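> just need the structure, nothing else, for what follows:
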Amino acid sequence: MVKMPSDIKNIVTKQVPLPIATADKSGKPNVVFVTMWKVLDDETILLVDNFFNKTRKNIEANPNMAIVAYDGEAKKSYQIKGTITIETSGARFDIAKGMADARKLPGKAAFVFNVKEIYNATYGPDAGKKLV
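Here you go, the predicted structure:
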């Protein structure tokens, strides 16, 4: 896994809602906003599955996912790519379920996003450059 530098982690933490992109086995893309998620550490982001439909099917067929975060004040944006594991028990599921319960939502699963690559998504000559 790759560690998110603190400045990137801070921008991701402030992103609400968080856009996530998945693709099915054939490569057909799907993008949704997630409002229940949490940065667990420098390498891991927890997303709560309340109503994932296509997203869950896509992850079950193809565990790759991308997120993008933008800070309008700093005028910086990052794309983070990684893989998802789905957990329906254990400590991370308990965190996800607690977040969902607090909002009276189903909390079906914890989607654990493991950071693999980080790219500059800010406009300009370095757009698309792999950072880590």
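> now the longest helix along the chain, how far from the centre of its chain.
When the chain is parsed with DSSP state H, its longest helix is helix 91-102. Remark: helix 91-102 is offset 16 Å from the chain centroid, using CA atoms, centre = their mean, to the nearest Å.
> return the per-residue confidence for the residue nearest to the spatial centre of the chain.
The chain has I67 as the residue nearest its centroid, 5.1 Å off, counting by CA atoms, centre = their mean. Listed pLDDT for I67 reads 98.
> rewinding a little: next, the buried residues of the longest helix of the chain.
For helix 91-102, burial by neighbour count (16 or more other CB atoms under 10 Å) applies to R92, F93, I95, A96, K97, M99, A100. To be clear about C-beta, it is placed using only N, CA and C from the backbone, and glycine gets the same treatment.
> and those as JSON lines, adding distance to G128 and pLDDT?
Listed next are the buried residues of helix 91-102 as JSON lines, based on distance: CB to CB, whole Å; pLDDT from 0 to 100:
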{"residue": "R92", "distance to G128": "32", "pLDDT": "98"}
{"residue": "F93", "distance to G128": "35", "pLDDT": "98"}
{"residue": "I95", "distance to G128": "33", "pLDDT": "98"}
{"residue": "A96", "distance to G128": "32", "pLDDT": "98"}
{"residue": "K97", "distance to G128": "37", "pLDDT": "98"}
{"residue": "M99", "distance to G128": "33", "pLDDT": "98"}
{"residue": "A100", "distance to G128": "35", "pLDDT": "98"}
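> and which of those residues is nearest K76?
Looking at those and their distance to K76, the nearest is M99, at 26.9 Å (CB to CB).
> and the strands in this structure?
For the chain, the strands defined by DSSP state E cover 18-23, 29-34, 37-41, 44-49, 64-71, 76-87, 109-120.
> right, and V2 touches Y119 too?
No: using CB atoms under 8 Å, V2 is not in contact with Y119, being 11.2 Å away.
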